[in-house]
Structures are given as structure tokens and as C-alpha cells.
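J.: okay, sequence plus prediction incoming.
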Amino acid sequence: AEAIVVESPKIPDINPMLALFDTAVRDEMEASGIPHADIDLHLSKWRQDYPRATFIQEWIEPPSTGFRKIARVGGEVAGLLKGYISDDADSYANWLQQLYIANAARGTGVADRITNLYLALANPAASTQVWVLAHNVRARRFYARHGFVGVAYNSTMECGRNNYPVVILERKPQQEIAYS
């Protein structure tokens, strides 16, 4: 098996990242039973609302609490993770916002590797949350293996002309908060 290299993305990675994002989002939504027309509309709207310049800013120049990493296998972008790391134990939480893995890299440890790095760097005094399409069983099983449990089942995500159910998963803080 080829080595998995996790690193910060650079400008030349943007096109492969955009291609991976597009394919992975489409696959995730299809796996969740979302109709193709809604997926196409969602991705079209996303491209309009999130132009290349914004994507570059979000991924190459993240905020101080931002976690942005790509995983490479054989030199190719095989996965990407976008998250936020809480800088305050009383704040909302660490937030794993996007995790997308190339089809060819699924089941190879890429998702585990990039997620474990994020969780190792996340604020251990804060919980970590991720939103998952409710019908995406593969994603829900993956996060369960990493200690996430469902905490909210009544949220939705707009996709195309419809709303689809999402589950908010949470991983409890990994250390006790010391109050003085």
C-alpha cells in the first residue's frame, strides 16, 4: 500500500480539490437517496455562491482556528478535511465541517488518517460536532467508529428545491474542564 501523506493544501492543489469535492458531494448525496435534479441544482448553486477565489481563501488562508488538510496517496489528492478547532472550552465546539474522500481511496485508511489528525489537534475540552445526511449510513458508521453519537435528528439541509434530513453527531470532550 502506498503511503498516505497529510499536509496543508497549496494553490496547485485547488483544481484536484474542487474535482474531488464535486465528485464526493455527488456520491454522498446519491448514497443518501437525493434525486439527481436536486444534486445538480445544489452543486450549481454551490459553485455560484462559493467561487474559486473564496475556495482558495478558505483552504489556503484559513482563519486561526481553521484546520485545512489534504491527504495524498501516490502524490494525488485522495481526501480533504475542513474543520474548526475551538479556542475556548465554553464555546460551541470543534466543528468538522467537510470530509471528502476519493472513491479510489475509500477503505484504504485515508479518512481515518486525516480524521485522527484533526481529532488529535482539536480542543480536548470542547465537544466536536459534524453534520451528516441522515441516510448516509456509511458516513454515520465511520463517525461512530471515531466516537461520535447522534445528538439531534430534526435538522435539515437544503439541496436543490428540497430539504433533506441531517443528523448532528457529537464526540464528547476528551478531557474534563477545570474550573477555578
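T.: Received it, and whenever you're ready, just let me know what you need.
J.: got the phi/psi numbers for Asn94?
T.: With angles defined as degrees, to the nearest 10, Asn94 sits at phi -70, psi 150.
J.: just the pLDDT for it.
T.: What the model reports as pLDDT for Asn94 is 90.
J.: that one: neighbour count?
T.: Using other CB atoms under 10 Å, the number of residues around Asn94 comes to 27. From N, CA and C alone the C-beta is placed, and that goes for glycine too.
J.: can you pull the contacts of it?
T.: The contact partners of Asn94, by CB atoms under 8 Å, 6 or more residues apart in numbering, come to 83-86, 122-123, 126-129.
J.: please redo it, this time with the cut-off set to 10 Å
T.: Listed by CB atoms under 10 Å, 6 or more residues apart in numbering, the contact set of Asn94 reads 65, 67, 83-87, 118-119, 121-130, 170-171, 173.
J.: now restrict those to buried residues only.
T.: Buried members of the contacts of Asn94, scored by 16 or more other CB atoms under 10 Å, are 67, 83-86, 118-119, 122-130, 170-171, 173.
J.: and the helices in this protein, which stretches?
T.: Secondary structure of the chain by DSSP state H: the helices cover 14-31, 36-49, 52-60, 110-121, 137-145.
J.: to Tyr100, which of these lies closest?
T.: Evaluated over these, closeness to Tyr100 peaks at helix 14-31, with 3.6 Å, by CB to CB.
J.: what residues of the closest one count as buried?
T.: Within helix 14-31, the residues that qualify as buried are 14, 16-18, 20-21, 24-29, counting by 16+ other CB under 10 Å.
J.: off-centre distance for it?
T.: The chain centroid and the centroid of helix 14-31 are separated by 11 Å, computed with CA atoms, centre = their mean, to the nearest Å.
J.: now do stretch 115-123
T.: Centroid displacement of stretch 115-123 relative to its chain, using CA atoms, centre = their mean, is 13 Å.
J.: and for stretch 118-127?
T.: When distances are taken as CA atoms, centre = their mean, stretch 118-127 is centred 15 Å away from the chain's centroid.
J.: list the residues that contact the residue nearest the centre of the chain.
T.: Residue closest to the mean C-alpha point of the chain, counted by CA atoms, centre = their mean, is Gln98 at 1.8 Å. Neighbour list for Gln98: 21, 24-25, 58-59, 68, 80-83, 130 [criterion: CB under 10 Å, 6+ apart].
J.: now do the phi/psi pair for Ala127.
T.: You called it Ala, but residue 127 is Ser. The phi/psi pair for Ser127 (degrees, to the nearest 10) is phi -70, psi 170.
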